[in-house]
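Trainee: Fold the stuff below for me.
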Amino acid sequence: MPDELDPQVAEFTTQLRRLVDRGGLSVAALSDRTGYARSSWERYLNGRLLAPKGAVVALAEVTGTDPVHLTTMWELAERSWSRSEMRHDRTMEAIRIAQARAALGEFGAPPAASAATAADGRAPRRAGGAVAMPGIAGPAGVSPTIPPQPTAPDADRREGSGSRGPVTPPPSAAPGGGRRRLTMFLAGAVGMAVVIAGVLFFTGGDGGGRTSKAHASATASAGTSGDLPAGVKCAGAGCTGKDAEAMGCSGDLATTARTVTVGATTLEVRYSRTCGAAWGRITGAAQGDSVRVTAGTRTERGSITATGDTIAYTPMVAVRDATAAKACTTLASGRQGCTP
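Mentor: Numbers count the residues shown, from 1 in each chain. Okay, the predicted model is just below:
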């Protein structure tokens, strides 16, 4: 078993192994007698996957073990397993976020100030001259500029000189300088207006809305056949009315979302997140027992018709999540029960 396996899960897995060894069962025989795949039992007994409650009850039945104590151990192990999965999910989410940030260049990105450096390596001109605004094109391909700012008299002193001699007026103070500043300012404003108009034209004035629509479209397309794992043949509404095993939705892709015991029969809601579907299943059942699963207005049914069969399950129904499905059973004795 894995070294990092939770102690509660490890104890439960060890108990399963003891029962199998005591019953003298091989994995192949165990699979035939319980109805669960051989590959699944190998994972259950190696601690790679927590056995579902139905498999535990089936094992108790074929080994002549009291299922009450075994299911109590399973419930404790299931809680520990769920906590471990939550910790694993948070760790993987943190890793994916870090990878996404790195891919977007957030790590090691050049400071914003360096973007102002000229292409030839020289720093931008100081105040007093026109500074080009990068990334905005003005009329006729001319970059709009910020008008030259008047220089304070003290700023024109020679560096290292304490002289306070006459100050030469800046060029903008000459006659006609105000008109030139106004012209340059208007040119910059027109350039910015052109850029803004272009952005609004191409985004339709609703950039955020387009992003949301694109995201919604991508979300809606998730789960199509092109996105499904190998062997999985349906997703969502395409799974309704179909057999979970034939569509590749069962086995390791399925979990028991809800369970209840009705007499000696275990009733379960089985759920596959990959397929976006759920189905009902009964184990430890007898001929004449039936099961049904309901999601919204859709109901699917299954029953045991052959002598000696102990497991039956319904076709699938599409669900948004596991809580949207409810399973019920009616035993041959007339006794009924449903999952919470």
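Trainee: Quick check: the nearest residue to residue 236 once chain neighbours are set aside vs residue 72, distance?
Mentor: Distance criterion CB to CB, 6 or more residues apart in numbering; nearest residue to residue 236, sequence neighbours excluded, is residue 276 at 4.4 Å. All C-beta atoms are positioned from the backbone trio N, CA, C, and that covers glycine. According to CB to CB, to the nearest Å, residue 276 and residue 72 sit 32 Å apart.
Trainee: Would you mind identifying the next helix or strand past the one helix or strand in the chain whose mean pLDDT sits lowest?
Mentor: Across the helices and strands of the chain, the lowest-confidence element by mean pLDDT, DSSP states H and E is helix 207-221, at a mean of 39. Using DSSP states H and E, the helix or strand that follows helix 207-221 in sequence is strand 254-262.
Trainee: For that next one, which outside residues touch it?
Mentor: 52-54, 244, 266-273, 278, 322-323, 325-327, 329, 331, 335-340 (CB atoms under 8 Å, 6 or more residues apart in numbering).
Trainee: Can you flag which of those belong to helices?
Mentor: Using DSSP state H, the members of the contacts of strand 254-262 that fall in helices are 53-54.
Trainee: just checking, which of the contacts of strand 254-262 belong to strands?
Mentor: Counting by DSSP state E, these place 266-272, 278, 326-327, 329, 336-338 in strands.
Trainee: mind listing the strands in the chain by residue range?
Mentor: 131-132, 145-146, 254-262, 265-272, 277-283, 290-295, 298-303, 312-313, 317-318, 326-330, 336-338.
Trainee: Ok, which of those strands comes nearest residue 239?
Mentor: strand 277-283 (3.9 Å; CB to CB).
Trainee: Could you tell me the angle between the lengthiest helix in the chain and strand 265-272?
Mentor: Of all the segments assigned as helix in the chain under DSSP H, the longest by residue count is helix 67-103. Computed with axes from the mean of the first three to the mean of the last three CA atoms, to 10 degrees, the direction of helix 67-103 lies at 10 degrees from that of strand 265-272.
Trainee: who does helix 67-103 touch, helix- and strand-wise?
Mentor: Counting contacts by 3 or more CB pairs under 8 Å, 6 or more residues apart in numbering; DSSP states H and E, helix 67-103 packs against helix 7-23, helix 53-63.
Trainee: which secondary structure elements does the last one contact?
Mentor: It stands for helix 53-63. Checked by 3+ CB pairs under 8 Å, 6+ apart, helix 53-63 has helix 7-23, helix 27-34, helix 38-46, helix 67-103, strand 254-262, strand 265-272, strand 277-283 packed alongside it.
Trainee: Can you give me the domain assignment for this structure?
Mentor: 7-103, 129-150+177-221, 236-338 (automatic domain parsing).
Trainee: Distance check, residue 75 against residue 286.
Mentor: Residue 75 is 25 Å from residue 286, by CB to CB.
Trainee: Ok, residue 323 next?
Mentor: Residue 323 is 29 Å from residue 286, by CB to CB.
Trainee: same question, residue 19
Mentor: 22 Å.
Trainee: ditto for residue 68
Mentor: Taken as CB to CB, the span from residue 68 to residue 286 is 19 Å.
Trainee: Neighbour count: the two, which is higher?
Mentor: residue 286 (17 against 9; other CB atoms under 10 Å).
Trainee: check contacts around that one.
Mentor: 265, 304, 310, 331-332.
Trainee: ok so, going back, which of the contacts of strand 254-262 are buried, as a PyMOL select command?
Mentor: The PyMOL selection below is limited to those of the contacts of strand 254-262 classed as buried (16 or more other CB atoms under 10 Å):
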select buried, resi 52+53+54+244+266+267+268+269+270+271+272+278+322+325+326+327+329+331+337+338+339
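Trainee: which sections of the chain are below the confidence cut-off?
Mentor: 1, 3-4, 84-94, 106-180, 182, 194-195, 197-226 (pLDDT under 70).
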